[in-house]
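Chemist: Any chance you can model this:
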Amino acid sequence: MIMPKLVIVESPTKAKTISKFLGKDYKILSSFGHVRDLPKNDLGVDVEHSFKPKYVIPTKSRKHVTELKKAAAKSDEIYLATDEDREGEAISWHLAEILEIPEDKLHRITFHEITKPAIEKALAHPRKIDMKLVDAQQTRRILDRLVGYKLSPLLWKKVQRGLSAGRVQSVAVRLVVERERERDAFKQEEYWSIDAVFSKDGTTFEAKLVDVDGKKIDKMDVKSEADAKSLVARAEGQSFAIADIQKKRIKKAPPTPLTTSGLQQEANIRLGMSAKQTMTLAQHLYETGRITYMRTDSMNLSDLFLEDAQKIIGTQFGKAYQLDEPRRFKTKSKGAQEAHEAIRPTDPTAIPASLKGELDSGAWRLYNLIWSRTLASQMPEAELERVAVDLTANGLTFRANGSTVVFDGFMKIYRTAKEVILPMLELKENVPLVSVTPNQHFTEPVARYSDATLVKTLEEYGIGRPSTYAPTIATIIARGYVDRDESKRLFPTEIGKTVIDLLIEHFPNIVDYAFTANMENDLDGVAEGTTEWVPMLTAFYGPFEENLKTKEMDIVKIKREEIATDQVCEKCGKPMVIKFGRFGKFLACTGFPECKNTKPLKQEGEDCQILSTDEVCPTCQAPMVVKQGRFGNFLSCSRYPDCKTIKSLDKTTGVKCPQCKEGEITEKRSKRGRIFYSCNRYPDCKFALWNKPTGGSCEKCGSLLVYGPKDTIKCSNKECK
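Modeler: This is a model prediction of the structure:
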């Protein structure tokens, strides 16, 4: 009797996809992820004997391991087909150890995509387990265990129970904390812009004041309303003439193929997806055979794909969009494995439109991004004509900028910006001034990190690798060190700031950017066979342990004591004190637990009085008060906890509802925390928008104008172009 050949992968979805390509001679099983790990309740590393790890089979894996042992005992050939990175190599090694697979029966195979040709090629060219990759994964795991299990108890003793420390995660939290403190130190300045609207043959276009009496006007030059209104008065009623027209042809290069970091950044910017959400969907697309392996830092594309891509580009868009020679990209990141490929569709002929019924919404949007971006990288440059027009009168010069697409090239499927098209204008011709408006602005601090910008910064510092970005962000949020604001950007919690301050003072190496990046380089050296992992761990652990023992004695417990105030609880008359919570400081009654009254604490220098309102609780008719929550202020019944009614605190936009003509458009939040704008007469009026209205109306269809990305303005009517 011929025994079936056993193929083991780590995911049941992957097993199901592979089974479509292999016949009855193969039995495909899944390990359901890792089958061995360090114990949860024990360090699991013998630091006295070359850092030997003690591995155990987790309870959740025991059933799967039993099934795999039975299948392995009946098979003459066993193929370990886990992912081709360090993590996948380690899973294969653990499987070989647990199943006690003889060397002559063991075959390690890898593939970058789950397609029939790729799997058949892998089966025809098996190899041995690469112990260098296993050692690199094992070293990272031990290193992170040493830091986490040695530092966490110290944080419990000195700061707060339940805290934990991580090597890469702590550096990520430091970045978020330092960005927030940079924002806190920012001093806001007022400035004004003078914006004009001109008209030519029924087409209006915008221009900005750039010059006054021959002197260039910079962003911060107009500092007061009086100065702004004076300039507006000089412009009103004037006849403006075209003083200069500058045209310049430019070529715009197509984007590069996607790496893991690039995918996370683009999905966050274009689709609003978190790094974790992106990688979860990408994993599904990979395991179902739609895209190539999604953990990569290479921009390489296979010759076969490049050939197929040109065919589909020609079929879909015409010969003008094909390249004579494929465009190849060289990866800039240090240590990138060029033998791997960028993230791409496995089959370029599977155009997104044909998969809309097969993939769920999130997976389809991500596939569409990957397909469009990859094919765009193999299309010609776009050719644009940039136009700058100067209009002058009474010593004032306004400038209008626009561009015209001469040849869209790769922008046929992957637009990077919206073009502003100006009407045909000629030198010295007079152009009517429609309006001129002074607009007040305030300088803004540097933005908080989004998933995209944090991933980009970690990559620039050389901290972490493709597989670590998403779990790093997910972990620091789960641990309560970082949270998301209403725009899904990251900010540090009070406990996050406290922990980072302690680590910077007492364990500077753990949160040092260069030190952490060098550690990543050492791990790469282990994977390449140029660095011995035991001496590397010894060099780190010796000084770390010595410092740990010293700090156990030196660090004084951080007491976050209550701070007395002159505030009095309006419910029971007892004093109010400042307490510390996960989301910052707040006022609480000293009569707790008999009195559970709490109030938001305003910023330093402001009065900490209760924020009362004219609102009445719809449940018990008691007054409503403003409280502070995770996503900002909200209305709460003053009889809490006896009455737990809460309401969102609407932020008015000052824009009248175009549907009912009675209500006003206010800012609200969906159940998932996403900001939207709707009529305050809901449910009587159900008008709603995802984008904030400007207050203006579209001159073509009359719908509200709304703010788009990067300070653009667009019509809210999707059918209006």
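Chemist: mind checking the end-to-end distance for stretch 8-17?
Modeler: Stretch 8-17 stretches 13 Å from its first residue to its last (Cα to Cα, to the nearest Å).
Chemist: Give me the contacts around that stretch.
Modeler: Outside of stretch 8-17, the residues that reach it under the criterion Cβ atoms under 8 Å, 6 or more residues apart in numbering are 7, 18, 28-34, 68, 78-83, 88, 91, 95, 114, 283-284, 287-289. From N, CA and C alone the C-beta is placed, and that goes for glycine too.
Chemist: how's this structure carved up into domains?
Modeler: Structural domains of the chain, as assigned by automatic domain parsing, span the residue ranges 5-129, 141-186+448-554, 190-253+382-442, 262-374, 563-648, 652-715.
Chemist: For D135, find the nearest of those.
Modeler: Using Cβ to Cβ as the measure, domain 141-186+448-554 is the one of the domains of the chain that comes nearest D135, at 5.0 Å.
Chemist: Give me the distance between the two termini of the closest one.
Modeler: Separation of the first and last residues of domain 141-186+448-554 by Cα to Cα is 29 Å.
Chemist: What's the mean pLDDT across that domain?
Modeler: Here the mean pLDDT over domain 141-186+448-554 is 91, rounded to a whole number.
Chemist: And the contacts of stretch 8-17, which of them are buried?
Modeler: For the contacts of stretch 8-17, a neighbour count by 16 or more other Cβ atoms under 10 Å gives the buried set as 7, 18, 28-32, 34, 68, 78-83, 88, 91, 95, 114, 283-284, 287-289.
Chemist: Would you format the domains of the chain as CSV with distance to D135 included?
Modeler: Listed next are the domains of the chain as CSV, based on distance: least, Cβ to Cβ, whole Å:
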stretch, distance to D135
domain 5-129, 9
domain 141-186+448-554, 5
domain 190-253+382-442, 40
domain 262-374, 16
domain 563-648, 39
domain 652-715, 42
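Chemist: Do a quick rundown of the strands in the stretch 451-600 of the chain.
Modeler: Assignment of strands within the stretch 451-600 of the chain using DSSP state E, counting those that start in this stretch yields the ranges 482-484, 490-492, 563-568, 575-581, 584-589, 598-600.
Chemist: Now distance to A527 too, for these, in JSON lines please.
Modeler: Output for those, formatted as JSON lines (distance: least, Cβ to Cβ, whole Å):
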{"stretch": "strand 482-484", "distance to A527": "29"}
{"stretch": "strand 490-492", "distance to A527": "30"}
{"stretch": "strand 563-568", "distance to A527": "51"}
{"stretch": "strand 575-581", "distance to A527": "43"}
{"stretch": "strand 584-589", "distance to A527": "42"}
{"stretch": "strand 598-600", "distance to A527": "50"}
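Chemist: Determine which of the ones you listed approaches S697 most closely.
Modeler: Distances from S697 to each of the strands of the stretch 451-600 of the chain were compared using Cβ to Cβ; the minimum, 33.5 Å, belongs to strand 482-484.
Chemist: other SSEs contacting that closest one?
Modeler: Packing partners of strand 482-484 (3 or more Cβ pairs under 8 Å, 6 or more residues apart in numbering; DSSP states H and E): helix 167-184, helix 469-478, strand 490-492.
Chemist: Output these in TSV, with distance to V534 and mean neighbour count appended to each entry.
Modeler: Written out in TSV, the entries for those read as follows (distance: least, Cβ to Cβ, whole Å; neighbours: other Cβ atoms under 10 Å):
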stretch	distance to V534	mean neighbour count
helix 167-184	18	21
helix 469-478	26	20
strand 490-492	36	22
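Chemist: Switch the ones you listed over to a markdown table; also include distance to K692.
Modeler: A markdown table is the format used below for the helices and strands packed on strand 482-484 (distance: least, Cβ to Cβ, whole Å):
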| stretch | distance to K692 |
| --- | --- |
| helix 167-184 | 21 |
| helix 469-478 | 26 |
| strand 490-492 | 21 |
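Chemist: Show me the one of these that comes nearest F442.
Modeler: Closest to F442 of these is helix 167-184 (Cβ to Cβ; 13.7 Å).
Chemist: Can you name the next helix or strand after the closest one?
Modeler: Using DSSP states H and E, the next helix or strand after helix 167-184 towards the C-terminus is strand 190-200.
Chemist: Please list the residues outside that following strand that contact it.
Modeler: By Cβ under 8 Å, 6+ apart, the residues outside strand 190-200 that reach it are 204-209, 219-225, 227-228, 231-232, 235, 240, 391, 398, 400, 423-425, 431-443.
Chemist: and the very next helix or strand once past it, what does it pack onto?
Modeler: Downstream of strand 190-200, the next assigned helix or strand under DSSP H and E is strand 203-212. Where contact means 3+ Cβ pairs under 8 Å, 6+ apart, strand 203-212 is packed against strand 190-200, helix 225-235, strand 382-393, strand 396-407.
Chemist: could you dump these to JSON lines with mean neighbour count, distance to R681 and mean pLDDT?
Modeler: Formatted as JSON lines, the entries for those read as follows, by neighbours: other Cβ atoms under 10 Å; distance: least, Cβ to Cβ, whole Å; pLDDT from 0 to 100:
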{"stretch": "strand 190-200", "mean neighbour count": "18", "distance to R681": "32", "mean pLDDT": "94"}
{"stretch": "helix 225-235", "mean neighbour count": "15", "distance to R681": "34", "mean pLDDT": "96"}
{"stretch": "strand 382-393", "mean neighbour count": "18", "distance to R681": "43", "mean pLDDT": "95"}
{"stretch": "strand 396-407", "mean neighbour count": "18", "distance to R681": "40", "mean pLDDT": "94"}
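Chemist: and P466, which of those is closest to it?
Modeler: Taking Cβ to Cβ, strand 382-393 is the member of the helices and strands packed on strand 203-212 nearest to P466, at 29.2 Å.
Chemist: Render the CA-only coordinates of the closest one in PDB, please.
Modeler: Extracted in PDB, the C-alpha atoms of strand 382-393 (Å, rounded to 0.1, in the frame of the first residue of the first chain):
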ATOM      1  CA  ALA A 382       2.700  60.400 -16.400                       C
ATOM      2  CA  GLU A 383       3.300  63.600 -18.200                       C
ATOM      3  CA  LEU A 384       1.900  66.800 -16.700                       C
ATOM      4  CA  GLU A 385       1.900  70.400 -17.700                       C
ATOM      5  CA  ARG A 386       2.200  72.600 -14.600                       C
ATOM      6  CA  VAL A 387       0.800  76.100 -15.000                       C
ATOM      7  CA  ALA A 388       1.400  79.200 -12.700                       C
ATOM      8  CA  VAL A 389      -0.500  82.400 -13.500                       C
ATOM      9  CA  ASP A 390       0.100  85.800 -11.800                       C
ATOM     10  CA  LEU A 391      -2.700  88.300 -11.800                       C
ATOM     11  CA  THR A 392      -1.900  91.900 -10.700                       C
ATOM     12  CA  ALA A 393      -3.700  95.100  -9.900                       C
END
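Chemist: Which strands or helices does it pack on?
Modeler: Counting contacts by 3+ Cβ pairs under 8 Å, 6+ apart, strand 382-393 packs against strand 203-212, strand 240-252, strand 396-407.
Chemist: would you turn the ones you listed into CSV with distance to A588?
Modeler: Formatted as CSV, the entries for the helices and strands packed on strand 382-393 read as follows, by distance: least, Cβ to Cβ, whole Å:
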stretch, distance to A588
strand 203-212, 50
strand 240-252, 57
strand 396-407, 54
